[in-house]
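> Kindly return the folded structure for what I paste below:
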Amino acid sequence: MENRLRLRDLLVLILAPLTVLLLCSCGVAISPPEEDEALLPENVVQSILSTTTESTTTTTVTLSPVWQERAIGNYNGRNGVVIEGVPHYTQFTKYLTACESLASVSVLQYYGVDIDIDTFIDKYLPKANYPDLGKDGELHGASPWEYFIGDPRDAGGFGCFNTAIEKAINKFADGLAIPLDGLSVEDLCTEYIDRGQPVIFWGSIYMQRPYVSEFHWKLPNGKMYEFINPEHALVLIGYDDDWYYFCDSMSEKDITTYNKQAVETAYEALGKQAVVIDPLVLEAMPQDLRVPPEETDWEGIEVAAAE
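Got it, this is the predicted structure:
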């Protein structure tokens, strides 16, 4: 504990002149980017994209008509599909770096699973301590593919990746969460959004151009993990010819749009990872874990565009 406190104090001193929370996965202090930065980013540096992943094989299933009906075509007169009915939560509360948990709860509640944010964080989300300074002078920490690193209610929380969220959701029912790796955003839309299935999606805050941070730590397997800034998880709910639509916990709007190129760049930088719910496992869940779907009046829902 003593080493960790000294290290964190040192990091604060070094980074104080810079934007607060740039090392945090989903910190609330990052301002929305300028138009040319958010919508027309340059290609991600090659070092970010050095890790390749294999495409996930998907199985076609027949969904209950209730999910199909929530995928609204020709949304707002545009050529695309948007899923309505996904609850929206923001990080501008006590959940300062809880983007992965907020996205997960949004999707679970959309399907009628009886869960709230605090219960998900405290009971389901696997968590590990912040990286600590070892005797070798290197930082050592758990893997974000296995655990949320830090505290999602703390401004210094780092976040986690899709297999950690798979582990959390599968505590409800084995196989409920399907981790996806290597699919394009277009494939996510064709295989899931078109069929009324929202996607827990890894990108960057406001779809800013991601980069490899100098902050890193050694994983239990001996490999070095390099933190990618500014990592963020949100819920993909739609698309049209120009935009992807999200429930974004870094926005106060219920629906936020981002330019396709910016989204695809951020998604690729974070390893093309996502999570969806298996509807067949969902339907087999005990009824005491389900709540009746609420009718939602979507008149006047605000849509925020990254303009």
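
> tally of neighbours for the nearest residue to residue 80 once chain neighbours are set aside?
Leaving aside its chain neighbours, residue 80 sits nearest to residue 240 (2.9 Å; criterion: CB to CB, 6 or more residues apart in numbering). For glycine as for every other residue, the C-beta is placed from the backbone atoms N, C-alpha and C. Residue 240 has 18 neighbours, counted by other CB atoms under 10 Å.

> In contact with residue 240, which residues are there?
Applying CB atoms under 8 Å, 6 or more residues apart in numbering to residue 240 gives the contacts 75, 78-80, 82.

> if we go to 10 Å?
Residues in contact with residue 240, defined by CB atoms under 10 Å, 6 or more residues apart in numbering, are 74-82, 257, 260.

> Do you know the pLDDT at it?
Per-residue pLDDT puts residue 240 at 93.

> can you tell me how far it sits from residue 172?
32 Å (CB to CB, to the nearest Å).

> For the stretch 151-300 of the chain, which segments count as helices?
Assignment of helices within the stretch 151-300 of the chain using DSSP state H, counting those that start in this stretch yields the ranges 162-169, 185-191, 260-269, 279-283.

> Convert the third one to PDB, retaining C-alpha atoms only.
In other words, helix 260-269. Presented in PDB, the C-alpha positions along helix 260-269 are these (Å, rounded to 0.1, in the frame of the first residue of the first chain):
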ATOM      1  CA  LYS A 260     -18.200   6.700 -38.900                       C
ATOM      2  CA  GLN A 261     -14.500   7.200 -39.600                       C
ATOM      3  CA  ALA A 262     -13.800   8.400 -36.100                       C
ATOM      4  CA  VAL A 263     -15.700   5.400 -34.600                       C
ATOM      5  CA  GLU A 264     -14.000   2.900 -36.800                       C
ATOM      6  CA  THR A 265     -10.600   4.300 -35.900                       C
ATOM      7  CA  ALA A 266     -11.200   4.300 -32.200                       C
ATOM      8  CA  TYR A 267     -12.700   0.800 -32.300                       C
ATOM      9  CA  GLU A 268      -9.700  -0.600 -34.200                       C
ATOM     10  CA  ALA A 269      -7.300   1.000 -31.800                       C
END
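
> Buried residues, it. List them.
Applying a neighbour-count criterion of 16 or more other CB atoms under 10 Å, one finds 260, 262-269 buried in helix 260-269.

> Please name the residues that touch the nearest residue to residue 110 once chain neighbours are set aside.
Distances taken as CB to CB, 6+ apart put residue 86 closest to residue 110, at 4.8 Å, once the chain neighbours are dropped. By CB under 10 Å, 6+ apart, the contact set of residue 86 is 70, 103, 106-107, 109-111, 198, 235-238, 245-247, 254-255, 296.

> Residue 86 in helix, strand or coil?
Of the three states, residue 86 takes coil under DSSP: H, G, I helix; E, B strand; the rest coil.

> and the gap between it and residue 97?
Distance of residue 86 to residue 97, computed by CB to CB: 21 Å.

> for residue 125, same thing?
If you go by CB to CB, the gap between residue 125 and residue 97 works out to 12 Å.

> Looking at these two, which one has more neighbours?
The residue with more neighbours, out of residue 125 and residue 97, is residue 97; 27 against 22, by other CB under 10 Å.
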